[in-house]
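[1] Structure for this input, please:
(chains A and B)
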Amino acid sequence: MRVYSIFILFFIASFLPSSSSSSSSSSSSSPSSKHHFLGISPQDENYYKSSSDTISCKDGSKKFSKSQFNDDFCDCLDGTDEPGTSACPTAKFYCKNAGHIPQLLFSSRVNDGICDCCDGSDEYDGQVKCPNTCWEAGKVARDRLIKKIATYKEGAALRKLEVEKAKVAIAKEEAELTLLKNEEKVLKVRVGELKEHKELIEKEEEKVRLQKEKEEKGKREAEEDLREKGKADKEGKVEHEKVEEEASTENQPTESTREDIIGNVEDSSSKEHALENTHESASPTTEDVSSVATEIADDAGSKISPDVDKKENEVSSDISEGMSREELGRIVASRWTGESTKNQGGNKDHADDSHEETPKDTHDEQYDHHATDTVVDTGKDDNEKYDYEIDDEQDESYEEESHDDMSSYNYDDEPDLSDTTSSYNSSWLEKIQQKARNILKAFNFFQTPINLTEAATVRKEYVDSSTKLSKIQSRISKLKEKLKHDFGPEKEFYAFYGHCFETNQNKLRTSHCSSFVLLSLSLKYRLPNISICFAFNNLDFWLQVCLQSVSVQTSFSRGGLHINQFGVGVLQLLCSLIDWILVLYFSTRHWDKFEDSYRMMVFSNGENCWNGPDRSMKVKLRCGLKNEITDVDEPSRCEYVAVLSTPAVCLEEKLKELQHKLDLMNKEQPREHDEL
Amino acid sequence: MKMKQVAFLFLIFLASQTVHSWKKDEFRACDQTPFCKRARFRKPGACTLIAHDVSISDGDLTAKLIPKAPHDQDQDQIKPLTLSVSVYQDGIMRLKIDEDPSLDPPKKRFQVADVVISEFETKKLWLQSASTEKINGDDGGLSSVVYLSDGYEAVLRHDPFEVYVREKAGNRRVVSLNSHGLFDFEQLRVKKEDEDWEERFRGHTDTRPYGPQSISFDVSFYGSDFVYGIPEHASSFALKPTRGPGVEESEPFRLFNLDVFEYLPESPFGIYGSIPFMVSHGKSGQSSGFFWLNAAEMQIDVLAKGWDAEGGILMPTEQSRIDTFWMSEAGIVDTFFFVGPGPKDVVKQYVSVTGLPAMPQLFSTGYHQCRWNYRDEEDVENVDSKFDEHDIPYDVLWLDIEHTDGKRYFTWDKMLFPHPDEMQRKLAAKGRHMVTIVDPHIKRDESFHLHKDASQRGYYVKDATGKDYDGWCWPGSSSYPDMLNPEIRSWWAEKFSYDNYVGSTPSLYIWNDMNEPSVFNGPEVTMPRDALHLGGVEHRELHNAYGYYFHMATAEGLLKRGDGKDRPFVLSRAFFAGSQRYGAVWTGDNSADWDHLRVSVPMVLTLGLTGMTFSGADVGGFFGNPEPELLVRWYQLGAYYPFFRGHAHHDTKRREPWLFGERNTALMRDAIRIRYTLLPYFYTLFREANVSGVPVVRPLWMEFPSDEAAFSNDEAFMVGNSLLVQGIYTARAKHASVYLPGKESWYDLRTGTAYKGGKVHKLEVSEESIPAFQRAGTIVPRKDRFRRSSTQMVHDPYTLVIALNSSQAAEGELYVDDGKSYDFKHGAYIHRRFVFSNGHLTSSPVGNSRFSSDCIIERVILLGYNPGAKTAFVEPGNQKAEIELGPLRFGGQHAAVAVTIRKPGVRVAEDWKIKIL
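    Numbering: from 1, shown residues only, chains lettered A, B, ... in the order given. Okay, the predicted model is just below:
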């Protein structure tokens, strides 16, 4: 050991003079001997302090003499010989930066007149004097690092919880899926049987009808005969009326039974989802409020994120009081979709009306419909619908709308899918089977004439069952699709599915109005206060930029602006004065994929940008305690970049790394500062 | 919390409409342009004018042009025209033909002011006498002959009138005018009652209050096989015939400054700038030139051989010849004949008339990063730091129109750029510069001081009725300062002072766009021809020079701003003859496709040939999204443009060099770094252009005038006299055929491999670089250290790359000055000449220079040297320097293939000698 260090000393001693007496060098700008060990990283020190006369280039291409080391002439292509000068483009300069983090610089920074290292070691040729700022800078950096570590610690804990919850939720969903698949099997058989029976009944009915017709014909003929004879046959008519009456009374109890059993799908299922998804800390204040919130979310076609959920609750409860701007912005957004729901009302009613005939129109599909329409409608419909005035009146109407929605859900008589996953499940199935058995038992196909009351029950049962079946199938495909999604290596992104994040950023400036083709109207608008409502919808992903200033009543048709329709002046006026909601409609469901080892979510294939690309968005993920968008930007037209802080990426390994870094920084602190 | 009304607007832009490329209908074809149509109908020999009263007066040869046999009915219209021939030093003849002002024409015709530099007049040779002679084959007609320069004479044939220059010996013609009798001069006259002078085009009416006033004539170039020049067109370098046998219906080459949306990569159609200067070149190795100083719309036909077969005029000589036909809507005949005889001589003669190219600042010869738009200060900071992160040098960051407050130039968007001066200082701290855009259209907004000032002073161009002309451009309703007026130009120049341009700092320079001028709702997207300028000059008369005057005023503004000490940098899109004095130009809004990459070379070559040496095309293509391969190839080629800037439309994806994966980043970094290593060479070439007009980027035939194979080669070009570069213009190219001219060898810049000259080489092409070679017999100075920007390279040592010719000799030059001031005009520069012969490399001064530099020469690379010696001795001092094998280039894995003198350590500013023993 001792021998070795003496050796090194000797080496250094022999090294220093050798360079100054170097015969080949007459260069004035080559560093003086004291710079000989400049730019070497600690790991490399031993490499250079070899005992032999020559040192190898790390790439093995060449050897260089000690006098050629850091002599400001590049001998090794890989820069091995010039860590301390700018001579080799590939070389890296190491600055110790005692008190701060060491740094590896491109050789292009050495003696370029700009201080890069906080210890100033990169500038030694006298062009500039660089003060040592490492202590101050280091302190700032350490503090930041400490904070970051704290965030990571807390974030990692949150992440663990999320992961646990996600596992449970996924397991539950997988279980649900398995159950649903079983039920699907059973139901399929039932439906098949019912169908068969229904057809049989129908056949019978047809037979009966034909016979009746025949009879009636016969009767009529007979009547005619009778009339001719001047005599009326009363009995047949009475018989006919009685049948009709019986049928209608039979129908009533069946309907009510069904309601009892099935209940209100929408209500309870949403509640359940809300509860499932709600953050532990954010339990709904009252059931009513929560359901309102749920519905708002549902209106937006979305299962809400915990945070939004919470906020929604607040919004809902505070609705008659004052609102903050961003809340308003969000309400505006949900109203917009709410309005769509209302538009949808017609369709829905229609769907309800036609329920019996079109059992395919299920809950989920209806939602799909809804979301699609939301966007299509915005374009197609007269824009007046979307020109809201946000004031007290508006609030009232908002409540009304919510109420409408609520009531519409309340009497929504879709089957309760949540039941299917619940513990009643078996009894429910049994009930159905029982009922079907009863019905079937009640039939005697060979009995003539057919009991028409029972026929109606079979038909009804068939319709109900097949409706149920399609709902289950739909739910299955929904679940399948969801579970297919990449939720991250530990499913830490599970909670993102269908959740909404938001931010207030007044920096997103868009230039959609300006297009070279639009006579190059590069019109820019002032955006005094933008709130970006940004949601990952469970049907579609949309992003809104809402800004407020002056209201201008205008209508744009889907398909964008047509310069022919609007004079240049009008356009400019619009662009400079108007409030904008910029709706970026993404046609893909949820994120496409992750990139950058789960540090980035990618959304693509959005609505095409006029004269531009399809809209897309990259969401960079940063460790944070809340799911929160911290930055939104549009670096290229219609290509958005957002930064989302989330516990989901607060990784343990990274935490360790940071801690290690901090330890290093503390270790590197110069002695004298410790005493400060 | 009281909320105001909120309105929502949805802009969902649907599937993009098909973007029509070139909107042909928006622009006039020749047959929609009455003067062009009329002129093209003329038949050879139609001109009946004869030269009368030929005499010498005021040192000129003068004459009156009158019809030989005036028709009675035309008598009131055809008044004599005045003709004068002047002769200037270095083989320049000037021919002027105008209406006789003493005969009281309805209006004085416009003569383009401020293009011919004042020094030119001092070079006038005062003619004392003319000899009269009968020339064989001239049907006994007389000609007056005057001295032009040693070996050349100017000749005026009287009947029919014809003007030409010829070589004294052998009576060989060089350039002639009206040899085919196509000359026509529509004289201004009083409108007859039944005449309708108005012209209508796509809903625009040109009142044409002065009626037809066009001029046309034929010009022939003798001993020539090709003609070149007359930018700006996106077309081949050697101009293709536009009329005659074998030519399908074609438009003439149009010179009319237009903002053409998505111009075609192959079209004679006029785009942003106009320089009515044509150069011919032929097998004899000789060149000649012709320049028509006229700023009205011009159309030029290049006539295919045999075009006049029916006309029956037999030309008097057997020389190979190219005939051209020039037409202009207005103005006068003010033409310059350049005798050459070498290609560089023609260029020198031309710049002696229109001025030498400005000496650019060193930083502006580096790489420029532009985009429409870098959005805000954060964006700027981010882009800037990314260059550092990827160790890619760049010198200038550009801000397009969106940085302003509502397209009010000289202002900043307060939200996006709240601290413009701080932003510039941050860049300047890294030695970088910023360029902001200032366009000529001024927003008509009473609250905008510039508009208020201009309208109160009456500084705007007027419409035909005399009101301020109001057109649409970026800001909407806009007006345009009348830049023809020197008073207005100096008013404009004042606006660039640090006080007036709030938020500007000394590291800020200017970009002039849209100065054709572009007017969105004007005829052909420009200003109506009947708009009025100073002194009642119609816009039609000076249209092509509007952008020139604007460029001039802006450059003068920057000059004033720096107390005349700081060289301006102004990039302009529009240009005219003389624009080279004011700064750089670029080839406008090109597209991201291979054809546009390809056509950028002939476009840049043509600009260089016609004086505008500081030019380049937008790297990557302005419109559209380049494939990474195209972008890389464009960087590889663009690194050799004199002006090297990446730019993109705001509808395109971001395309900064680091956005296409590591491999492509490395390739683009390498391309940009090649430019930076060659900056000393480029700067030397800019100086050469600054003293001679010889362009930085040259056609092969300028260096190899007798090499016929090079005449129509516009795939490759020379950078100075030493480097030959050929772009790769197709995707996934595996091979390239490169013609290397001359007898000497060429050395591959990357590998050092030698290739024989005088033949086409089929070379393998990799993605790493485009073919580029150093010519044997030359020495190229480089700086091989990579820095953030050119600013940090100032103290870096030099590398000299010596490519030896067959006699083991080579020479080259290096020019150095402070890179920014005009001190070089007073001798504050270093100009060295390096000569290698007999194993000795010597550095000797060129001219009297007194500028100091601490830079040394760290390395001398010898290509084509037969190795043997191990040491060299450096004088003075007799120091030893080792000789070893080293890499030819740095920054990647390059094999040690080149004989390298290691650390000779000599100072670049001093005399020395390195002897290899």
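[2] Flag every buried residue along stretch A:54-63.
    A:55-57, A:61-63 (16 or more other CB atoms under 10 Å in any protein chain shown). In this view, the C-beta of every residue, glycine as well, is placed from N, C-alpha and C.
[3] Include distance to residue B:768, secondary structure and pLDDT when you put those into JSON lines, please.
    As requested, the buried residues of stretch A:54-63 are exported to JSON lines (distance: CB to CB, whole Å; DSSP: H, G, I helix; E, B strand; the rest coil; pLDDT from 0 to 100):
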{"residue": "A:55", "distance to residue B:768": "30", "secondary structure": "strand", "pLDDT": "89"}
{"residue": "A:56", "distance to residue B:768": "27", "secondary structure": "strand", "pLDDT": "89"}
{"residue": "A:57", "distance to residue B:768": "22", "secondary structure": "coil", "pLDDT": "90"}
{"residue": "A:61", "distance to residue B:768": "19", "secondary structure": "coil", "pLDDT": "82"}
{"residue": "A:62", "distance to residue B:768": "22", "secondary structure": "coil", "pLDDT": "86"}
{"residue": "A:63", "distance to residue B:768": "28", "secondary structure": "strand", "pLDDT": "88"}
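[4] Within reach of chain B, which of the residues you listed are there?
    With CB under 8 Å from any CB of the partner chain as the criterion, the buried residues of stretch A:54-63 include A:61-62 near chain B.
[5] and whichever residue of the stretch 351-500 of chain B sits closest to chain A, what is it in contact with?
    Closest to chain A within the stretch 351-500 of chain B is residue B:391: 4.5 Å, counting by CB to the nearest CB. Counting by CB atoms under 8 Å, 6 or more residues apart in numbering or on different chains, residue B:391 touches A:106, A:108, B:669, B:786.
[6] so of these, which ones are in strands?
    residue A:106 (DSSP state E).
[7] Residue A:460: which element?
    helix A:452-484 (DSSP states H and E).
[8] got the buried residues for that helix?
    Buried-residue list, helix A:452-484, by 16+ other CB under 10 Å: A:452-476, A:478-479, A:482.
[9] quick one: contacts for the closest residue to residue A:479 other than its chain neighbours?
    In this structure, residue A:479 finds its nearest non-sequential neighbour in residue A:177, 4.8 Å apart by CB to CB, 6 or more residues apart in numbering or on different chains. By CB under 8 Å, 6+ apart, the contact set of residue A:177 is A:476, A:479-480, A:483.
[10] and residue A:177, what element?
    helix A:134-229.
[11] Using JSON lines, lay out the contacts of residue A:177 together with pLDDT and distance to residue B:902.
    Output for the contacts of residue A:177, formatted as JSON lines (pLDDT from 0 to 100; distance: CB to CB, whole Å):
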{"residue": "A:476", "pLDDT": "89", "distance to residue B:902": "76"}
{"residue": "A:479", "pLDDT": "86", "distance to residue B:902": "72"}
{"residue": "A:480", "pLDDT": "87", "distance to residue B:902": "70"}
{"residue": "A:483", "pLDDT": "84", "distance to residue B:902": "67"}
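[12] okay if I get those residues as CSV plus distance to residue B:126?
    Output for those, formatted as CSV (distance: CB to CB, whole Å):
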residue, distance to residue B:126
A:476, 102
A:479, 100
A:480, 97
A:483, 97
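[13] of all those, which two lie farthest apart?
    Greatest spacing in the contacts of residue A:177, by CB to CB: A:476 and A:483 (10.5 Å).
[14] isn't there a helix covering residue B:825?
    Yes - counting by DSSP: H, G, I helix; E, B strand; the rest coil, residue B:825 is located in a helix.
[15] If I look at it, what pLDDT would I see?
    pLDDT, residue B:825: 95.
[16] Show the contacting residues for it.
    Listed by CB under 8 Å, 6+ apart, the contact set of residue B:825 is empty.
[17] Look up how far chain A lies from it.
    Residue B:825 sits at a distance of 27 Å from chain A (criterion: CB to the nearest CB, to the nearest Å).
[18] same deal with residue B:758?
    Distance from residue B:758 to chain A, by CB to the nearest CB: 34 Å.
[19] give me phi/psi at that residue?
    phi 80, psi 20 (degrees, to the nearest 10).
[20] Contact partners for whatever residue of the stretch 651-800 of chain B ends up closest to chain A?
    In the stretch 651-800 of chain B, no residue comes nearer to chain A than residue B:792, which is 3.9 Å away by CB to the nearest CB. With contact taken as CB under 8 Å, 6+ apart, residue B:792 is in contact with A:108, A:112-114, B:431.
[21] elements contacting the helix or strand harbouring residue B:493?
    Using DSSP H and E, residue B:493 sits in helix B:486-494. Contacts defined by 3 or more CB pairs under 8 Å, 6 or more residues apart in numbering or on different chains; DSSP states H and E place helix B:486-494 against helix B:539-561.
[22] Check which element follows the helix it packs on along the chain.
    Next along from helix B:539-561, by DSSP H and E: strand B:570-572.
[23] contact partners of that next one?
    Residues contacting strand B:570-572 (CB under 8 Å, 6+ apart): B:435, B:509-513, B:515, B:547, B:550-551, B:554-555, B:558, B:579, B:582-586, B:643, B:645.
[24] where does the chain dip in pLDDT?
    Picking chain A for this. Within chain A, the stretches with pLDDT under 70 are A:1-36, A:51, A:223-452, A:498-590, A:605-612, A:614-615, A:632, A:638, A:668-676.
[25] Chain B is the one I meant
    Looking at chain B by pLDDT under 70, you get B:1-22, B:70-77, B:136-140, B:310-318, B:892.
[26] domains of it?
    For chain B, the structural domains run B:24-354, B:363-694, B:701-916, going by the TED database.
[27] how far is the host helix or strand of residue B:98 from where the chain is centred?
    Following DSSP H and E, one finds residue B:98 within strand B:92-99. In terms of CA atoms, centre = their mean, to the nearest Å, the centre of strand B:92-99 is found 25 Å from the chain centre.
[28] With stretch B:782-799 instead?
    That offset, for stretch B:782-799, works out to 28 Å (CA atoms, centre = their mean).
[29] Which strand residues bridge the residue lying closest to residue B:336 once chain neighbours are set aside?
    If the residues on either side of it in the chain are set aside, residue B:336 comes closest to residue B:291, at 4.3 Å by CB to CB, 6+ apart. Listed beta-bridge partners, residue B:291: residue B:277, residue B:336 (assigned using DSSP bridges).
[30] ok and the residue in the stretch 801-917 of chain B nearest chain A?
    Counting by CB to the nearest CB, the stretch 801-917 of chain B gets nearest chain A through residue B:905, at 3.8 Å.
[31] re the thing from before, counting contacts, what elements does the next helix or strand after the strand holding residue B:98 pack onto?
    Using DSSP H and E, the helix or strand that directly follows strand B:92-99 along the chain is helix B:118-122. The contact analysis (3+ CB pairs under 8 Å, 6+ apart) places helix B:118-122 against helix B:343-354.
[32] distance between the helix it packs on and the chain's centre?
    The answer for helix B:343-354 is 14 Å, by CA atoms, centre = their mean.
[33] Pull up the pairing partners for the following helix or strand past that helix, direction included.
    Counting by DSSP H and E, the next helix or strand C-terminal to helix B:343-354 is strand B:367-369. In the sheet, strand B:367-369 lines up against strand B:396-399 (parallel), strand B:644-646 (parallel) (DSSP bridges).
[34] Turn the ones you listed into JSON lines, columns for mean neighbour count.
    Putting the strands paired with strand B:367-369 into JSON lines (neighbours: other CB atoms under 10 Å in any protein chain shown) gives the following:
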{"stretch": "strand B:396-399", "mean neighbour count": "24"}
{"stretch": "strand B:644-646", "mean neighbour count": "25"}
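[35] Just say helix, strand or coil for the residue of the stretch 651-800 of chain B closest to chain A.
    Residue B:792 is classified as helix under three-state DSSP.
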